[in-house]
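Participant: what follows is a predicted structure for the sequence shown.
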Amino acid sequence: MKKNVVIFNRLAQDLIERLAANFNVVQLSAASELADALAAGPVHGLIGAGWQLGRPQLAAASGLEVVSSISVGYDNYDLDYLNERGVLLTNTPDVLTETTADLGMTLMLTAARRIVELDGWMREGNWRGGLGPEYFGCDVHGKTLGIIGLGNIGAAIARRGHFGFGMPVLYTSNSRKPELEQELGAEFRDLDDLLGEADFVCVVVPLSERTRKLIGQRELALMKSSAILVNIARGPVVDEAALVEALRDGQIRAAGLDVYEQEPLSESPLFALPNLVCVPHIGSATHETRRVMAELAVQNLERALLGQTPRHMVNPQVRTG
Ligand code: NAP
């Protein structure tokens, strides 16, 4: 008998059809539909992205074997709860690394050269004469790049900075990265020293209880007043209220954000700040990369439900335990 799969969020039609060849498939369009879908009978697999899935959402699920996330980050799932229930969680690392690194670089460049601000200024018809220094930005090339979390994406940004822009690279991570130190001349710093030395600080750590509000008022105060902060990790890693203050008071020069404490975000004091560049969580959002992520997540789900080994398992121990 075919197993049952629920798709939360969007999936391309041909991938839905591919799943339907092996499974009974239901696609949901809103989180409010999940409870009814789970109550309707056993759901063996869930696939999607971005929904909060923990005990309150999944308690009614019976027969659940796997949650296949179309993302690398998995902070929106209650991993302890999934472990307790023996539910496998799979994710899609690696395939989004370069695309997300492109966005990190874009936010650095855009904030440094005030692209969004000056684009708006020009469209309003303000360009009538020469531009004075009040409209100047700051250089990126040759400046010191500080990476918080030198994992896959952090290293890809560091490569762009080092090889493309001649930037000396500093980093902090749980562990030293001798190969990247060799390849990029990257130097390890503890967090406080990195914040004090870097001209661009790029945050690329997973969200966990250890990294929640890793960058707060104290850390922002350690940064140079000329420095730029970029967060492409998860919103709660940076204390947003403290960041608003720091940007408003000129404690740091500018910031580029892809992620926010609350998502989606349609109103925020951030929006009033000219020295902030913000985009709506688009780190991996290119046609090419979202497609590859979805294909990988479908494959992870198929393998988990058909008795094979998925390529990327967050908690593989539940299969052996
Ligand atoms: P990764 O390869 O696992 O890298 C994470 C890095 O963070 C590792 O180097 C790790 O150090 C380091 N780290 C973890 N906790 C730390 C701490 N407390 N202090 C300092 N460093 C710490 O993951 P990735 O693929 O690069 O992705 C990183 C995160 O980016 C994801 O978890 C996700 O939340 C976010 N992301 C966002 C988007 C987006 O759309 N904006 C897209 C993709 C990913 P060790 O190696 O020493 O353990």
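Facilitator: The structure has been received and is ready for your questions. Residues are numbered from 1 along each chain as shown.
Participant: quick check: the nearest residue to residue 91 once chain neighbours are set aside vs residue 301, distance?
Facilitator: Closest residue in space to residue 91, ignoring its immediate chain neighbours: residue 69 at 4.8 Å, by C-beta to C-beta, 6 or more residues apart in numbering. C-beta: built from backbone N, CA, C; applies to glycine. Going from residue 69 to residue 301 by C-beta to C-beta, to the nearest Å gives 10 Å.
Participant: same question, residue 138
Facilitator: With C-beta to C-beta as the criterion, residue 138 and residue 301 are 46 Å apart.
Participant: more neighbours: which of the two?
Facilitator: residue 301 (29 against 16; other C-beta atoms under 10 Å).
Participant: from residue 178, how far off is the more buried one?
Facilitator: On the measure of C-beta to C-beta, residue 301 and residue 178 end up 36 Å apart.
Participant: and if you look at residue 309?
Facilitator: For residue 309, the distance to residue 178 - C-beta to C-beta - is 30 Å.
Participant: doesn't residue 71 make contact with residue 49?
Facilitator: Yes: using C-beta atoms under 8 Å, residue 49 is in contact with residue 71, at 4.9 Å.
Participant: any residues of the protein in contact with the ligand? List them.
Facilitator: Neighbours of the ligand within the chain, by C-beta under 6 Å from any ligand atom: 72-73, 93, 96-97, 100, 148-154, 172-175, 204-207, 210-211, 232-234, 258-259, 281, 283-284.
Participant: list the contacts for the residue of the stretch 151-300 of the chain found nearest the ligand?
Facilitator: Closest residue of the stretch 151-300 of the chain to the ligand, C-beta to the nearest ligand atom: residue 151 (1.6 Å). Contacts for residue 151 (C-beta atoms under 8 Å, 6 or more residues apart in numbering) come out as 173, 204-205.
Participant: please identify which of those residues is nearest to residue 80.
Facilitator: residue 205 (19.7 Å; C-beta to C-beta).
Participant: setting aside sequence neighbours, what's the nearest residue to that closest one?
Facilitator: residue 149 (3.5 Å).
Participant: then residue 224?
Facilitator: With C-beta to C-beta, 6+ apart, the residue lying closest to residue 224 is residue 199, at 6.7 Å.
Participant: that neighbour is in contact with residue 226, isn't it?
Facilitator: Yes: taking C-beta under 8 Å as the definition, residue 199 is a contact partner of residue 226 at 6.7 Å.
Participant: joint contacts of the two?
Facilitator: Common contacts of residue 199 and residue 226, defined by C-beta under 8 Å, 6+ apart, comprise residue 138.
Participant: of the two, give the one with the bigger neighbour count.
Facilitator: residue 199 (22 against 12).
Participant: show me the contacts for that one.
Facilitator: 138, 143-146, 224, 226-228.
Participant: low-confidence ranges in the protein?
Facilitator: By pLDDT under 70, the low-scoring segments of the chain are 321.
Participant: how close does the residue sitting furthest away from the middle of it sit to residue 54?
Facilitator: Distance from the centre of the chain peaks at residue 129, with 40.5 Å (C-alpha atoms, centre = their mean). Separation of residue 129 from residue 54 (C-beta to C-beta) stands at 57 Å.
Participant: mind listing the strands for the stretch 201-321 of the chain?
Facilitator: With DSSP state E, counting those that start in this stretch as the definition, the stretch 201-321 of the chain shows strands at residue ranges 228-231, 254-257, 276-278.
Participant: part of a helix, is residue 27?
Facilitator: No: applying DSSP: H, G, I helix; E, B strand; the rest coil, one finds residue 27 to be strand, outside a helix.
Participant: that one contacts residue 13, correct?
Facilitator: No: using C-beta under 8 Å as the test, residue 27 is too far from residue 13 to be in contact (9.9 Å).
Participant: compare the two and say which is more crowded by neighbours.
Facilitator: It is residue 27, of residue 27 and residue 13, that has more neighbours when counted by other C-beta under 10 Å, with 18 against 9.
Participant: now for residue 69 and residue 301: what residues contact both?
Facilitator: 47, 90.
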